[in-house]
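Asks: let me see the structure of the following:
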Amino acid sequence: MTYRELKPSEYGLLRNFLYEAIFVPEGVEPPDRSIIELPELSLYYEAFGSKAADFCIVAEDEGDVVGAVWTRIMDDYGHIDDHTPSLAISVLREYRKQGTGTQLLHEILMLLKESGYERVSLAVQKANYAVRMYEQAGFRTISENEEEYIMVCEL
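Replies: Numbering: from 1, shown residues only. Next up is the predicted model:
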């Protein structure tokens, strides 16, 4: 597995990875792929590369991109202020629970720190097994609602 920055010619991959990032609890039917066209979700990928803190690291296995973690400053579910990037991460199902997400997270946190950011935020469903990975990477819950945690990692 290799880890590298996403190339501009690959920005379109973020649409698929955003869909893959949607947490679907066990036994629940996944939403239609068109859900990523909703304004509250399309802001994760529209015009990627043109905004502050638009960073993306991908995991590549034998030439195929199998995971992605990306950030941007946007008014999304995990938004805490206009200076803190929000994070999204997605790993293809067959590559999950093998350390790929943990390594992607490590790589993006280092890149953000090197780029001068002081913290990064995210929103995660309480039932998502990734909560533990975020906690182990240094994220802490700063607020919550019925369904999700808003978490921040100080860099």
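
Asks: what residues are up against the residue nearest the centre of the chain?
Replies: Taking C-alpha atoms, centre = their mean, the centroid of the chain lies closest to residue 88, which sits 1.4 Å from it. Applying C-beta atoms under 8 Å, 6 or more residues apart in numbering to residue 88 gives the contacts 17-18, 21, 44, 69-71, 122. To be clear about C-beta, it is placed using only N, CA and C from the backbone, and glycine gets the same treatment.

Asks: what's the closest non-adjacent residue to residue 48?
Replies: Leaving aside its sequence neighbours, residue 48 sits nearest to residue 11 (C-beta to C-beta, 6 or more residues apart in numbering; 4.8 Å).

Asks: nope, residue 74 is what I meant
Replies: In space, residue 74 is closest to residue 43, 5.1 Å off (C-beta to C-beta, 6+ apart).

Asks: show me what contacts that neighbour?
Replies: Counting by C-beta under 8 Å, 6+ apart, residue 43 has contacts 74-76.

Asks: tell me which residue lies farthest from the centre of the chain.
Replies: Using C-alpha atoms, centre = their mean, the residue of the chain lying farthest from its centre is residue 27. It sits 23.4 Å away.

Asks: can you tell me the SS state at that one?
Replies: Going by DSSP: H, G, I helix; E, B strand; the rest coil, the secondary structure assigned to residue 27 is coil.

Asks: what of residue 35?
Replies: Put simply, residue 35 is helix when judged by three-state DSSP.

Asks: run a quick neighbour tally on it.
Replies: Residues within reach of residue 35, counting by other C-beta atoms under 10 Å, total 14.

Asks: so which bits of the lengthiest helix in the chain are buried?
Replies: Ranked by number of residues, the top helix in the chain under DSSP state H is helix 100-114. For helix 100-114, the neighbour count (16 or more other C-beta atoms under 10 Å) marks 100-105, 107-109, 111-112 as buried.

Asks: redo the residues you listed as TSV? Include pLDDT.
Replies: Converted to TSV, the buried residues of helix 100-114 look like this (pLDDT from 0 to 100):
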residue	pLDDT
100	96
101	95
102	96
103	97
104	98
105	97
107	98
108	98
109	98
111	97
112	98
